[in-house]
Structures are given as structure tokens and as C-alpha cells.
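Chemist: What follows is a protein structure lacking sequence information:
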């Protein structure tokens, strides 16, 4: 049986693995499923059609799976899915999707969502990301693997942040952030490449050098975006590390920060 504090309220229809822990005064709704090894702290609310994977740690006062903050929402049966090994700190809020988009919000594995982070409806967060305190996502945002958002950042609806990108503290992202790049300011503008992050994740020196050259192509050579994309596409055969960047630039979006 799950270890449930006597003051916690867990609906009888909720599906909890045998070793799940539920802290004092927490509330778990009837359509919630929680996987093995997950620990829910005190005063947490988990509601809606929410599925949470294994070995997650959810800290006090988090609000998980409530309805979207969207005027179009009309009570549709939308969902939230959270993967494994995530850390969800104090006062984090994550909402379900809307019928006008995918109908679901998804969080991958091994993400760190620090205090007061907000992830709105229909967002997609990959794996191994870091959201510093007070990072805020509007609806329909996509955050790729290993991206880092600094404290007090805001991301406009429908924007994408690419893999291994770094958004500096206090930045306001109004357009897509390509993989490997660092952006800062309001509105966010290019500020180099995420060299330290790449080194920490095992990228070789020649791969980091290739990323830095790609940054110059995008932002320093005076090329149109179309010409920069074409030049980068030609270099992928010799520099495979740039493949995610080229693929990202080919996808439709809000335009990239430039």
C-alpha cells in the first residue's frame, strides 16, 4: 500500500504504485496515476487527468494537473503526462492541455523545475532541462532536451527553445531560440553559444568550434536567414553536430531570435 499521511486526501479511484509516498494535507484526484518511487510532499494538489511516472520528487505547495488558464477551455477531457526522475520544487504549477491544440501537456524525464516555475497548457518539455526559479512558459511552448532557462525568464506562447540552448536570467523570449545558442535581454537577443553547457555534456572541442562557427553564420556574416540556413545545411555532412540546428531551422515557428 502507498504510504499516505493521515491528513492527505487521496481519491479511491486514483492509481498509485505500492511505494508512492503522499505527504500531509496533500490532495490527489480520482483521475491521477502515479508511478513507483514517486514522493509527494505536504500540501501538494495533483488533479485532473494526470499521469506521473517513476521516482519523481514533488515538493510542497506544487499544483499539478489543474485546468488551463485559457478562456477557450470548456471542460474538455485534456491531460498532463510527466515522465520519470523529475524534481518539481515548491509552488510549481503545471496545467493540462486544451482541445484547440494537442490536448495534452507533456514533461519528459530528469527535468529540474525549481521554485515558482509555471508550465502552461499544451507545452512540451523534453528531457534533462533546467528551469531556474520563476521561469514561466506561456501556452503551446516547446522546450527541447538539455535546455536551461535562467531565473525570472518568460517564454511567449508558441515559441520553441532548442536543445542545449541557454536563456539568461530575466530574458523575455518572443521568438524561437535555436539549439546551442545563448540569448539574453528583453526581448531576448543572441548572446553567443552555450559553450560551458556543451563542455559539461561531453561535446568535443571540434564540435563546440563547429557550433561557434554556425553562430557566426547565423548572426555575424550579414546573411539573410535563407542564405544562412542553406550554408549551414551544406556543412552538416562534415559537421554532424549541426544536424539538430539545421532541422530546427527548417521547422515552421515564430521566426528565430536575431
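Modeler: Received the coordinates, thanks. Not measured: the values here are computed from a predicted model.

Chemist: Mind splitting this structure into its structural domains?
Modeler: 3-140, 199-250 (automatic domain parsing).

Chemist: among the ones you listed, which is the most enclosed?
Modeler: Across the domains of the chain, averaging neighbours per residue (mean count of other C-beta atoms under 10 Å) puts domain 3-140 on top, at a mean of 20. Where C-beta positions appear, they are placed from N, C-alpha and C, glycine not excepted.

Chemist: Ends of it, what's the gap?
Modeler: For domain 3-140, the first-to-last residue distance is 35 Å (C-alpha to C-alpha, to the nearest Å).

Chemist: quick check: mean pLDDT across it?
Modeler: The average of the pLDDT scores along domain 3-140 is 97.

Chemist: same question, stretch 179-198
Modeler: With pLDDT averaged residue by residue, stretch 179-198 scores 97.

Chemist: Other residues contacting that stretch?
Modeler: For stretch 179-198, contacts defined as C-beta atoms under 8 Å, 6 or more residues apart in numbering pick out 144, 146, 148, 162-168, 170-175, 177, 207-208, 211-212, 214-215, 218-219, 244-245, 248, 257-258.

Chemist: do that again at 7 Å, thanks
Modeler: The contact list for stretch 179-198 (C-beta atoms under 7 Å, 6 or more residues apart in numbering) reads 144, 148, 162-168, 171-174, 177, 208, 211-212, 215, 219, 244-245, 248, 257-258.

Chemist: how far does the host helix or strand of residue 247 sit from the chain's center?
Modeler: Assigned by DSSP states H and E, residue 247 belongs to helix 243-250. Averaging C-alpha positions (C-alpha atoms, centre = their mean, to the nearest Å) puts helix 243-250 19 Å from its chain's average.
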